[in-house]
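Engineer: fold the following for me, if possible:
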Amino acid sequence: MNFFILLALALAPGIAIGVYIYLKDKHEPEPLGLLLTSFIYGCASTLVTLSISWPLDFIVTFSETDVAHQFANAFFKVALVEEFSKFIFIRFILYNNKNFNEPFDGIVYAIMVGMGFATLENILYVFQYGVATGIVRMFTAVPAHATFAILMGYFLGKAKFTHQKEFWYSVLALGVATLFHGMYDYFLFISFIPGIWLGAFASLVVAVILSRKAIRLHQQSSPFINNPPSSDNPV
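Structural biologist: Numbering: from 1, shown residues only. Have a look, this model is predicted:
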């Protein structure tokens with residue numbers, strides 16, 4: 001299979017989702033350079049994931065046919081580690097950027113980091129397993145990562161602009177993303193139980209519905225709806 005076809009297949013879903021969210025940022029769009037940097041942070045977060053997961057592989061082992069073991073595997077070894085790896089770039093770097101000046105920006109930057117992570121992961125899978133895997137992941141894993149990012153970004157947007165609850169909203173941001181990521185993976189990890197994989201599909205549907213609501217709520221809460229930013233504001 002042509003290298004460029006595989007690369008395009010791997011890149012397309014993450015880029016499409018990133019563009020979609022960027023276009024949803026109607027009141028005060030973010031600087032394109034900062035969005036690209038956020039995407040690169042997402043790619044870098046895979047290195048954080050590996051640096052945590054690799055030692056865990058030697059310390060903790062899970063039975064592939066034990067539902068309790070796979071629960072711990074899905075929620076803690078995979079979901080929590082991956083979401084934490086993305087969270088630290090959003091919460092401790094992008095969160096403090098002067099361009100993060102409305103609640104919706106939490107979703108924008110979280111999506112860019114999430115799509116950076118998902119795209120690099122997608123490249124590895126597509127080049128290893130081929131076109132069929134790329135097509136399946138286009139409608140499953142990559143959109144799933146997008147919903148985890150939107151939910152995380154929603155609560156980080158709340159955290160920054162609801163100061164008396166900043167810490168708890170930050171914890172909630174990581175917790176909710178981990179919860180939905182863990183549920184999605186868990187039902188796939190125990191797919192040796194007939195039909196249980198439908199749970200992953202159901203959790204993804206719920207996450208998509210919540211993500212759409214999160215986008216709408218933060219669009220409506222923008223301080224720039226009736227007060228557009230000045231012309232010297234970086235865009």
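
Engineer: so which bits of whichever helix or strand L56 is part of are buried?
Structural biologist: If you go by DSSP states H and E, L56 is part of helix 32-59. The neighbour-count check on helix 32-59 (16 or more other Cβ atoms under 10 Å) flags 34-35, 37-39, 41-46, 48-49 as buried. No exception for glycine: its C-beta is placed from N, CA and C like everyone else's.

Engineer: do you know how far the most centrally placed residue in the chain is from H218?
Structural biologist: Nearest to the mean C-alpha position of the chain, by Cα atoms, centre = their mean, lies A149 at 3.0 Å. According to Cβ to Cβ, to the nearest Å, A149 and H218 sit 13 Å apart.

Engineer: overlap in contacts, these two.
Structural biologist: I107 (Cβ atoms under 8 Å, 6 or more residues apart in numbering).

Engineer: count the residues that sit near E166.
Structural biologist: Other residues lying near E166 total 15 when counted by other Cβ atoms under 10 Å.

Engineer: for F76, see how far away the closest residue to it other than its chain neighbours is.
Structural biologist: Counting by Cβ to Cβ, 6 or more residues apart in numbering, E166 lies nearest to A159, which is 4.8 Å off, once chain neighbours are set aside. Separation of A159 from F76 (Cβ to Cβ): 23 Å.

Engineer: which one's more surrounded, those two?
Structural biologist: Neighbour count, other Cβ under 10 Å: between A159 and F76, A159 has more, with 22 against 14.

Engineer: the more buried one touches G153, doesn't it?
Structural biologist: No. Under the criterion of Cβ atoms under 8 Å, A159 makes no contact with G153, lying 10.2 Å away.

Engineer: now do the shared contacts for the two.
Structural biologist: With Cβ under 8 Å, 6+ apart, A159 and G153 have common neighbours 106, 173.

Engineer: what helix or strand does I135 sit in?
Structural biologist: helix 131-138.

Engineer: average model confidence for that helix?
Structural biologist: Across helix 131-138, pLDDT averages out at 96.

Engineer: how far is whatever helix or strand comes next after that helix from where the chain is centred?
Structural biologist: Moving toward the C-terminus from helix 131-138, the next helix or strand (DSSP H and E) is helix 141-161. The chain centre lies 6 Å from the centre of helix 141-161; the measure is Cα atoms, centre = their mean, to the nearest Å.

Engineer: which other helices and strands contact helix 141-161?
Structural biologist: Applying 3 or more Cβ pairs under 8 Å, 6 or more residues apart in numbering; DSSP states H and E, we find helix 141-161 packed against helix 3-24, helix 81-92, helix 104-129, helix 166-189, helix 198-220.

Engineer: may I have it as PDB, with CA atoms only?
Structural biologist: Output in PDB follows, covering the C-alpha atoms of helix 141-161 (Å, rounded to 0.1, in the frame of the first residue of the first chain):
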ATOM      1  CA  ALA A 141     -10.900   5.400  18.500                       C
ATOM      2  CA  VAL A 142     -10.100   8.900  17.100                       C
ATOM      3  CA  PRO A 143     -13.600  10.300  17.700                       C
ATOM      4  CA  ALA A 144     -13.500   8.600  21.200                       C
ATOM      5  CA  HIS A 145     -10.300  10.500  22.000                       C
ATOM      6  CA  ALA A 146     -12.000  13.700  20.800                       C
ATOM      7  CA  THR A 147     -14.900  13.200  23.200                       C
ATOM      8  CA  PHE A 148     -12.500  12.600  26.100                       C
ATOM      9  CA  ALA A 149     -10.700  15.800  25.200                       C
ATOM     10  CA  ILE A 150     -13.900  17.900  24.900                       C
ATOM     11  CA  LEU A 151     -15.100  16.700  28.300                       C
ATOM     12  CA  MET A 152     -11.700  17.500  29.800                       C
ATOM     13  CA  GLY A 153     -11.600  20.800  28.100                       C
ATOM     14  CA  TYR A 154     -15.100  21.700  29.200                       C
ATOM     15  CA  PHE A 155     -14.200  21.300  32.900                       C
ATOM     16  CA  LEU A 156     -10.900  23.100  32.500                       C
ATOM     17  CA  GLY A 157     -12.800  26.000  30.900                       C
ATOM     18  CA  LYS A 158     -15.000  26.000  34.000                       C
ATOM     19  CA  ALA A 159     -11.900  25.800  36.300                       C
ATOM     20  CA  LYS A 160     -10.300  28.800  34.800                       C
ATOM     21  CA  PHE A 161     -13.300  31.100  35.000                       C
END
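
Engineer: cheers, nothing more for now.
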